[in-house]
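> Let me see the structure of the following:
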Amino acid sequence: MADIESTPLLVTTTTTTTDSNGGYSDDINIDNSYDNNTTTSNIEEKSSTTQTCLNLIKIMIGTGVLAIPFAATQGGLIFHIIGLAVVTIWNSYSVYCLDRSKIYIDTNTTMTDSYKKTIPKNTSTFGLITWHAFGTVALHCIDFVFGVFMFGLLIAYEDAILGFAADTPLTTGHKRNDATCLLIVLLPILTMKDYSAISKISAFGTSILFAIFGMIAIYGLQQHGFDGFDTTTFCDRLNLYPASFTAFSNWFGVAAFSFGIVPFVYSVQGSMQQPTKLMPTMNIALLVAFVAYVIMGDLISIIFVDGIHGDVLSVLPIDTLLPSTLRFGMILTIISSIPLILIPLSELVYDKLIANNNMDKKNDTTTNNKNKHLLIIRIVIAIACAIVSVEVPNFIYVISFLGCCCNAAISFAFPPLLHVQCYKKFVSSGQQPKKPSKYYTLDLVLIVLGTLVSAFSSVLTFKSMMEQIRNSTA
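Numbering: from 1, shown residues only. As a prediction, this is how the structure comes out:
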């Protein structure tokens, strides 16, 4: 994924300011990204095009990349390349749709003063675009999808920590006890007021990941030599295409999750010194991620002869120092990333379930009362995720399901739908006669295809995950 550990810019963490024309922009401060009252206006504090490109690459090449070899094995080596190319292009077009949708609204001059007064406050740009296009109900639906995604991501992260710890001296020997220990470690972190130091720790995640893949490649070659490259038995050992619809769904979920940059487009654009260069910068980052995923997926699968059937760390030896050090590094990285997800999720839950439903909001808007509520919400969410993660045998199945259910819907089906609606509402409404966008047909095809693939693959990956849970408890 789109790994949140690489960017603290999430659903409710962005301060949005409305200009006189009804447009809006994200003002972002990385070190204080959870303070909705903190803004950054100086161009010097924003990212250059090169910095933005590197940030985008770091966002995509995160913890989810540990499941890429599994995806390549599931999808087949040839299909993995073709499919990733399609997903890369689709992500690029989705970013284009979001970019154009914002431009349509920003350049619209027909908004009345009464309409501008109804624009929601303290809402991300993604949410505001949705509100402009479809209204309040759609905004709540998008917030719900983001909430489900972040909750599932926390489950995947906590399950990953438990899985990595099980192969190190850190384990107690029982997953439930390990989960309890994890909660004991997390609780003090959740009470912290300044997370800038922790966010800096998570920045080392990309370096650790590259070290992991380098070591895995060396270890595989030591164990198997070049047997995996034997063309006479190649097709007997590895699939070139998905062997079943379930295998395709597992591949698709991981691929959608690993790219998953679309939900963070507006936050990234708001942090750029030159926001108009979003598309070329994004395309370069997507291309780099595509090449990395092809190499990491196919090459590692080939080296290990019969492919990878779990996360890549599971193939490393258990009782040696360097693999244990790398596992510990990943555990530390993920632990430091959990607050970057849990904090905005708790803010979202608070805003939707407490602040909006409080008849006397003045009684709950004091800093002390709000902080108490937020701390309770964080603790409850952390405990709930730990309970669920104990039952999940491997975090890659959670990632695959999230990719199919949430990432595919938000990244593939929704952006073209948003593009169609924003063009219709803010551009063609002033035309006589009204004309659809030149990409109207493509948008409709992608809306239908994205919805069908997301729904179909979600069902299959959920069944696959439930089957793994049943097998692990049998």
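
> going forward, measure contacts and count neighbours with C-alpha atoms only.
Noted.

> surely residue 234 meets residue 226?
No. Look at residue 234 against residue 226 with CA atoms under 8 Å: they stay out of range, at 11.7 Å.

> and for these two, which residues touch both?
In terms of CA atoms under 8 Å, 6 or more residues apart in numbering, residue 234 and residue 226 are not both contacted by any residue.

> May I ask you to name the longest helix in this protein?
helix 440-473 (DSSP state H).

> which secondary structure elements does that helix contact?
In terms of contacts (3 or more CA pairs under 8 Å, 6 or more residues apart in numbering; DSSP states H and E), helix 440-473 is packed against helix 245-259, helix 395-402, helix 414-426.

> can you give me the angle it makes with helix 395-402?
If you take axes from the mean of the first three to the mean of the last three CA atoms, to 10 degrees, helix 440-473 sits at 150 degrees to helix 395-402.

> List the buried residues in helix 440-473.
For helix 440-473, a neighbour-count test (16 or more other CA atoms under 10 Å) marks 440, 443, 446-447, 450-451, 453-462, 464-466, 468-469 as buried.

> got it, and stretch 72-89?
Buried-residue list, stretch 72-89, by 16+ other CA under 10 Å: 72-77, 79-81, 83-85, 87-88.

> Over to stretch 178-188?
Along stretch 178-188, these residues count as buried under the neighbour rule (16+ other CA under 10 Å): 178, 179, 182, 183, 186.

> Pick out the most distant pair among the residues you listed.
Distance extremes for the buried residues of stretch 178-188: the farthest pair is 178 and 186 at 12.3 Å, using CA to CA.

> residue ranges with poor pLDDT in the stretch 351-474 of the chain?
Residue ranges of the stretch 351-474 of the chain with pLDDT under 70: 356-367, 429-434, 474.

> Try it again at 90.
Where the stretch 351-474 of the chain drops to pLDDT under 90, the residues are 351-373, 391-394, 425-438, 468-474.

> Contact partners for residue 309?
Counting by CA under 8 Å, 6+ apart, residue 309 makes contact with 70, 73.

> Quick one: classify it as helix, strand or coil.
Under DSSP: H, G, I helix; E, B strand; the rest coil, residue 309 falls in the coil class.

> for the host helix or strand of residue 384, packing partners?
Residue 384 belongs to helix 367-391 when elements are defined using DSSP states H and E. Applying 3+ CA pairs under 8 Å, 6+ apart, we find helix 367-391 packed against helix 136-165, helix 175-190, helix 321-349.

> now for those helices, which one comes closest to residue 214?
Across the helices and strands packed on helix 367-391, closest to residue 214 is helix 321-349 (CA to CA), at 11.3 Å.

> got the contact list for the helix holding residue 384?
151-152, 154-156, 158-159, 175-176, 179-180, 183, 187, 190-191, 342-343, 346-347, 349-350, 364, 469.

> Filter these down to the buried ones, PyMOL style.
Buried residues among the contacts of helix 367-391 (16+ other CA under 10 Å), as a PyMOL selection:
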select buried, resi 151+152+154+155+156+158+159+175+176+179+183+190+342+343+346+347+349+350+364+469
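
> Which other helices and strands does the helix or strand residue 285 falls within contact?
In this assignment (DSSP H and E), residue 285 forms part of helix 278-294. Using 3+ CA pairs under 8 Å, 6+ apart, the elements in contact with helix 278-294 are helix 49-60, helix 77-106.

> Where among those is average confidence lowest?
Of all those, the minimum mean pLDDT falls on helix 49-60 (a mean of 90).

> tell me what the next helix or strand after that helix is packed against?
For helix 49-60, the following helix or strand on the C-terminal side (DSSP H and E) is helix 68-75. Counting contacts by 3+ CA pairs under 8 Å, 6+ apart, helix 68-75 is packed against helix 245-259, helix 300-303.

> Residue 216 is in contact with residue 317, isn't it?
No. The criterion here is CA under 8 Å, and residue 216 misses it with residue 317 at 10.0 Å.

> Neighbour count for these two, which is higher?
Using other CA atoms under 10 Å, the more surrounded residue of residue 216 and residue 317 is residue 216, with 22 against 14.

> now the more buried one, nearest residue through space, not along the chain?
Distances taken as CA to CA, 6 or more residues apart in numbering place residue 316 nearest to residue 216, at 6.8 Å, with adjacent residues excluded.

> so what's that neighbour scoring on pLDDT?
Reported pLDDT for residue 316: 86.

> do the same with residue 8
Model confidence at residue 8, given as pLDDT, is 35.

> mind checking the SS state of residue 438?
The three-state assignment at residue 438 reads coil, by three-state DSSP.

> and the gap between it and residue 428?
From residue 438 across to residue 428, the span is 12 Å (CA to CA, to the nearest Å).

> And these two? Which one has more around it.
residue 428 (16 against 8).

> Distance check, that one against residue 307.
Per CA to CA, residue 428 is found 51 Å from residue 307.

> neighbours around residue 368, how many?
Residue 368: 10 neighbours (other CA under 10 Å).

> quick one, phi psi at residue 239?
Backbone torsions for residue 239, taken as degrees, to the nearest 10, come to phi -80, psi 140.

> do residue 427 as well
Note on residue 427: its backbone torsions stand at phi -120, psi -60 [degrees, to the nearest 10].

> can you check residue 272 too?
Dihedral angles for residue 272 - degrees, to the nearest 10 - are phi -90, psi 140.

> I'd say it and residue 50 touch.
No. Assessed by CA under 8 Å, residue 272 is found out of contact with residue 50, at 9.9 Å.

> between those two, who's got more neighbours?
Remark: of residue 272 and residue 50, residue 272 carries more neighbours, 22 against 11, as counted by other CA under 10 Å.

> Which strand residues bridge the more buried one?
Beta bridges link residue 272 to residue 47, judged by DSSP bridges.

> And the pLDDT for it?
You'll see residue 272 listed with a pLDDT of 93.

> could you check the angle helix 414-426 makes with the longest helix of the chain?
On the basis of the same axes, to 10 degrees, helix 440-473 is oriented at 150 degrees to helix 414-426.

> Neighbours of the closest residue to residue 464 other than its chain neighbours, how many?
Computed as CA to CA, 6+ apart, the closest residue to residue 464 that is not its neighbour in sequence is residue 246, at 7.3 Å. If you count neighbours by other CA under 10 Å, residue 246 ends up with 21.
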